[in-house]
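Trainee: the sequence and its predicted three-dimensional model are supplied below.
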Amino acid sequence: MDGLLLLEQTFNGLQFGVMLFLMAAGLTLVFGIMDMVNLAHGSLYMVGAYIATTFTQWTGSFVLGILLAVPATALVGIAVEVVVLRTLYDRDHLDQVLATFGLILFFNELVRTVWGPAALFSDIPAFLQGQVEIIPGVPYPAYRLAIIGVGLAVALALYLIVSRTRMGMLIRAGASNREMAGALGVNIKLLFTLVFGLGAAFAGLAGMMTGPITTVEPGMGDPILILAFVVIIIGGIGSVRGAFVAAILVGLVDTIGRAFLPQFFRLFVADSTADAVGPAVASMLIYILMAAVLFFRPQGLFPARTG
Amino acid sequence: MKKKLVGLVSALALLATPSLAADKVKVGFIVTLSGPAGIIGKHMKDGFELGLEHVGGKIGGLETEVIFGDDQRKPDVAKQLVDKMIKRDRVQFVTGVIWSNLMMAIHGPVTRSDTFLISSNAGPSPIAGKRCSENFFSVSWQNDQTPEAMGKYLQDKGIDNVYLMAPNYQAGKDMLAGVRRYYKGKVAGQVFTKLGQQDYSAELSTLRAAGPDAVFVFLPGGMGINFVKQYAQAGLKDSIPLYTAFTADAVTLPAQKDAALGVLGTQTWSPDLANPVNKRFVADFRAKHGYIPSFYAAQAYDTVRFLDAAVAKVGNVSDRDALRAAMRAGDFPNTRGSIKFNNNHFPIQNFYMREVVKQDDGSFTTKIRGIVFPAYGDSYAKDCKMSW
Amino acid sequence: MQALRQPRLLAQLILLLLLAAVPPVMTAIDEPFYTSLFTRIMIFAIAAASLDLILGYGGMVSFGHAAYIGVGAYTVGILSFYGVDNGFIQFPLAVLLSAVFAAVIGAICIRTSGVYFIMITLAFAQMLYFLGISLEEYGGDDGMPVYRSEFGGLLDLYDANHLYYLVFAVLAATLYFGHRLVNSRFGMVVRGMKSNSLRMRAVGYPVYWYRLTAYVISGTMCGVAGALFANWSEFVSPDIMHWVRSGDLIIMVIVGGMGTLFGPVLGATAFLLMEEYLPEILEGTAPGAGEHWHFVFGPILILIVLFAKGGIFGLFGGRERGDD
């Protein structure tokens, strides 16, 4: 394999990783602070993509569409929190799993009824079309570079929010000891709602950015939800830093595995066997990674809470 | 809830009213309707309903009842549906079936029960060869035929150094095997991707590095939308021609648009096929449902016309041998022009090369560019012991 | 006859008797479909009950239990593929293999707890799912047809009633065995670990081994359900190991009432009957509404969580004795 290809695949993995981070950030915050398993997080990703596509069509501008859709998705998230999830905080994880699974079915069907069962058309805006040569001889789609940029910017912004602002302080307080933060007069209810809205906005943003390169269709959030869970488990629940590291790790492992495993197996076995084994192992790779991480660190790489 | 349970039980008892009327045509139609994968099912159901409309709501002139079933794309749900249709509703025909794995799950139980199974789409190889059945008919195609036509086209055009890609599941492997049965040139690379994969960036980078002269992909449904868009976005579409099977059709084109423009694919049908049945079908379909029909819709429509012709010839649905003989005769009015049946009850029909074009109203569709295989039968028929 | 004074035990017996009466009644009214429907329901009930043994009683939420249905089903399927149709070979081997898989997977998973346990069990199930897809010899994703097991002329599983009563017997045995297990000393220890594993460890119990044993028992029982499933569907494919199927099992347990043995049976029944009849009922209200049944099903799940704590079984009055 040559170095240029490896570099290009690293970019691909990075781009996949930052997308996963946008999904995982909200999930891990909600999980860490509210101790809430929210399967409906993937639905917010889907809703974000649909709303952004619709707004883009209305306004004729991709940027305007996203700027409108981010707060709109946050509002959807807040509405879900207030109507359903708020009553579930005191329940055990299983009740939360069941109720939010119900939400997935509901949202998939809602989207299918409102926008129809066919996939929507969503395209890259004109100013991000075409390729950029990351290094001479390796053209790379400009839009994917933009995704990496946006993802890293959001990660930085989130880091600043959590470590430098009052809300971030409350988030950290809530993550380490919820009852104590409440006893000290923090408006936990409001904090939860805001954090949930923030998480929804991130998930929605991930969906919006992914929409133009993949398919805006009902159920599009379900596969990515499982991946996001893998990420926050590897990273350690509640840890934004862990989510970031794990997201990039999963993105790189999955991409590099898909790209090079079949060739790798061809070194040892016949081509036809490699063709059978390579893709199968590549599909399992992130699950093998997760099982391995949990084997050595049962609380993930960066456990946020002790005890 | 106790009350509810009792209510359910009595509801079961109510549903259990025996059906009589032997000369009534009862057809079960199974597709995936609910959930995210429902779009293909919708196309097929819309096509099926238009077919019923065109035969005046009466298959073969007899009173007709159609039972629609939603298989949720789960094999055991499909199996339970056919159980219900055969044992409770007592249908004479089970039709529809989008997915190969669901077809494999129901083929045995249906054909053994002396109910006719008519595939409107799925055509896995085992049931075309060794497991062929006199109670099964396909009005679609055998899975391998479409990629075989593509392989033949590539070979005939002298295209060399082709890169092959398909999802890592049975149909994907069958498709690439189908291409390579006729394409004997150099294979620049062969890649199996994850089923349901959304992002193909890694594969596209590897593909570019391999430097092929042409690319063949089989990526149905949402995977095709993802790939075709990303292929164009990566700037590959203008430099390396893309050949496809089941990757750009009326289900995916509204979401692919310009990214798919000029993409070539083989198929047994296209909206612009110039025969009277097809012209009427396409015009009425667009008027009734408001979108361009796909080959799924056309095949579901043909299923109704196929049953209609056979039942009309026999005049009842109780003489199963006469019905089978009538069905074997083929040449019923259909959207593809001419269909005859092979000894394994799969169609012998034309395979066309189609190209994605943009129409004046801004919508995208496919146009026929030539016949690859005239009156082509599948390669598994020789393994089928049935003869007639 | 203390049983008769306990209304819930009585209700369970009555329901079992009702299940036993399904085939003759359905034969009498000439509706054999319902025999097949309830065969499938009981198979999922066995799987759900086995999951509840560790989920409800042991506090171990396995999000990958469908994998064991797959192991059991593929054991029967692959043996059938090579012409071994003898059920006396197939079933013991299915038991053995699912026990081995559960022991290996469990040995790694039990090290974690809580949500980490949920996800690591999912990870292993996904690995088996993708393994199934890559088994080209056995049909890969398309799956392969299976001939029903033969029991040396004792049973003819192609007779729907024989198959039904075989499944019924296994269900009854599962419930009886489960009842004995959760009330045994072993069961008490596992239940104690759910509420306070630190204390149990302090008292001197090898928590890890108790949990692992419970996990293996549960996975093995689920494997038996898989062997029956292959017989019912005459077909195996990786679809049965998809993570949504594992989720379905969890839903059956919670809807029916976790931490009870009969709850999962009710849950499986309610879940599969809803899946069967909700579309039909909706279709009756408006044409085309049937395919949107998730619209109703989703909120029903939420409402059950919000208002029917303890699931359907909880509505029969109070929680089971000795439950926390």
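Mentor: Alright, I've got the coordinates. Numbers count the residues shown, from 1 in each chain, chains lettered A, B, ... in the order given.
Trainee: C-alpha only now, for contacts and for neighbours.
Mentor: Will do.
Trainee: now the helices for the stretch 151-300 of chain B?
Mentor: Using DSSP state H, counting those that start in this stretch, the helices assigned to the stretch 151-300 of chain B run over residues B:170-182, B:201-210, B:222-233, B:253-256, B:276-289, B:295-314.
Trainee: repeat for the stretch 151-300 of chain A
Mentor: Ranges of helices in the stretch 151-300 of chain A, per DSSP H, counting those that start in this stretch, are A:166-176, A:178-183, A:188-210, A:221-235, A:240-266, A:271-296.
Trainee: Throw these into a markdown table and include distance to residue B:138 and mean neighbour count, thanks.
Mentor: Below are these laid out as a markdown table (distance: least, C-alpha to C-alpha, whole Å; neighbours: other C-alpha atoms under 10 Å in any protein chain shown):
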| stretch | distance to residue B:138 | mean neighbour count |
| --- | --- | --- |
| helix A:166-176 | 60 | 18 |
| helix A:178-183 | 63 | 14 |
| helix A:188-210 | 39 | 25 |
| helix A:221-235 | 33 | 25 |
| helix A:240-266 | 36 | 23 |
| helix A:271-296 | 30 | 20 |
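Trainee: could you report the neighbour count for residue C:104?
Mentor: 13 (other C-alpha atoms under 10 Å in any protein chain shown).
Trainee: got any ranges where the stretch 151-300 of chain B has weak pLDDT?
Mentor: Along the stretch 151-300 of chain B, the model assigns pLDDT under 70 to no residue.
Trainee: chain A contacts on that one?
Mentor: Within the stretch 151-300 of chain B, the positions lying close to chain A (C-alpha under 8 Å from any C-alpha of the partner chain) are B:168, B:191-194, B:198-199, B:201-203, B:205-206, B:209, B:222, B:225-227, B:229-230, B:233-235, B:251-252, B:254-257.
Trainee: which of those residues are close to chain C?
Mentor: Okay, of these touching chain C (C-alpha under 8 Å from any C-alpha), that's residue B:168.
Trainee: hmm, back to that, pick out the shakiest of the helices of the stretch 151-300 of chain A, pLDDT-wise.
Mentor: The weakest mean pLDDT among these belongs to helix A:178-183, with a mean of 72.
Trainee: average model confidence for stretch C:155-166?
Mentor: For stretch C:155-166, the mean per-residue pLDDT is 93.
Trainee: quick one: contacts for residue C:221?
Mentor: C:46, C:47, C:50, C:95, C:174 (C-alpha atoms under 8 Å, 6 or more residues apart in numbering or on different chains).
Trainee: which residues of the stretch 151-300 of chain C lie near chain A?
Mentor: Checking the stretch 151-300 of chain C against chain A by C-alpha under 8 Å from any C-alpha, the hits are C:251, C:254, C:292, C:294, C:295, C:296, C:297, C:298, C:299, C:300.
Trainee: quick one: what helix or strand has the second one in it?
Mentor: What that stands for is residue C:254. Here residue C:254 sits within helix C:243-256, counting by DSSP states H and E.
Trainee: report the buried residues of that helix.
Mentor: C:243, C:245-256 (16 or more other C-alpha atoms under 10 Å in any protein chain shown).
Trainee: re the thing from before, what would the helices of the stretch 151-300 of chain B look like in CSV with mean neighbour count?
Mentor: Shown next, in CSV, are the helices of the stretch 151-300 of chain B (neighbours: other C-alpha atoms under 10 Å in any protein chain shown):
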stretch, mean neighbour count
helix B:170-182, 21
helix B:201-210, 19
helix B:222-233, 25
helix B:253-256, 26
helix B:276-289, 16
helix B:295-314, 24
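Trainee: can you count the residues close to the closest residue to chain C within chain A?
Mentor: Residue nearest to chain C within chain A (C-alpha to the nearest C-alpha): residue A:102, separated by 3.8 Å. Neighbourhood size, residue A:102 [other C-alpha under 10 Å]: 25.
Trainee: now residue A:5
Mentor: 17.
Trainee: for residue 210, which residues are in contact?
Mentor: Defaulting to chain A. Contacts of residue A:210 (C-alpha under 8 Å, 6+ apart): A:19, A:49.
Trainee: the chain in question should be chain C.
Mentor: Shown in contact with residue C:210 (C-alpha under 8 Å, 6+ apart): C:186, C:189, C:190.
Trainee: just the pLDDT at it, thanks.
Mentor: Note for residue C:210: predicted pLDDT of 92.
Trainee: sticking with it, tell me its helix or strand.
Mentor: Going by DSSP H and E, residue C:210 is part of helix C:207-233.
Trainee: what's the next secondary structure element after that helix?
Mentor: Downstream of helix C:207-233, the next assigned helix or strand under DSSP H and E is strand C:235-236.
Trainee: tell me which residue in the stretch 201-307 of chain A sits closest to chain B.
Mentor: Closest point on the stretch 201-307 of chain A to chain B, by C-alpha to the nearest C-alpha, is residue A:214, at 4.4 Å.
Trainee: check contacts around residue A:59.
Mentor: Residues in contact with residue A:59, defined by C-alpha under 8 Å, 6+ apart, are residue A:65.
Trainee: now tabulate the buried residues of helix C:243-256 in CSV and tack on pLDDT.
Mentor: Shown next, in CSV, are the buried residues of helix C:243-256 (pLDDT from 0 to 100):
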residue, pLDDT
C:243, 88
C:245, 92
C:246, 94
C:247, 90
C:248, 92
C:249, 95
C:250, 93
C:251, 91
C:252, 93
C:253, 93
C:254, 90
C:255, 90
C:256, 91
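Trainee: max pairwise distance over those residues: which two?
Mentor: By the measure C-alpha to C-alpha, C:243 and C:256 form the most distant pair in the buried residues of helix C:243-256, at 20.0 Å.
Trainee: could you find the closest non-adjacent residue to residue B:185?
Mentor: Closest residue to residue B:185 apart from its sequence neighbours, by C-alpha to C-alpha, 6 or more residues apart in numbering or on different chains: residue B:160 at 5.3 Å.
Trainee: residue contacts, that neighbour?
Mentor: With C-alpha under 8 Å, 6+ apart, residue B:160 has these contacts: B:154, B:185, B:186, B:187, B:213, B:214.
Trainee: from those, keep the buried residues only.
Mentor: Burial by neighbour count, 16+ other C-alpha under 10 Å: within the contacts of residue B:160 this picks out B:154, B:187, B:213, B:214.
Trainee: out of those, which is nearest to residue B:241?
Mentor: Of these, the one sitting nearest to residue B:241 (C-alpha to C-alpha) turns out to be residue B:214, at 5.2 Å.
Trainee: quick check: that closest one touching residue B:157?
Mentor: No: applying C-alpha atoms under 8 Å as the test, residue B:214 and residue B:157 come out as separate, 11.7 Å apart.
Trainee: restrict the residues of the stretch 151-300 of chain C next to chain A to those near chain B?
Mentor: Here is what survives when those are matched to chain B using C-alpha under 8 Å from any C-alpha: C:292, C:294.
Trainee: closest one of the residues of the stretch 151-300 of chain C next to chain A to chain B?
Mentor: Nearest member of these to chain B, counting by C-alpha to the nearest C-alpha, is residue C:292, at 6.2 Å.
Trainee: on that earlier part again, mind putting the helices of the stretch 151-300 of chain A into TSV with distance to residue A:23?
Mentor: Shown next, in TSV, are these (distance: least, C-alpha to C-alpha, whole Å):
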stretch	distance to residue A:23
helix A:166-176	18
helix A:178-183	23
helix A:188-210	5
helix A:221-235	6
helix A:240-266	9
helix A:271-296	16
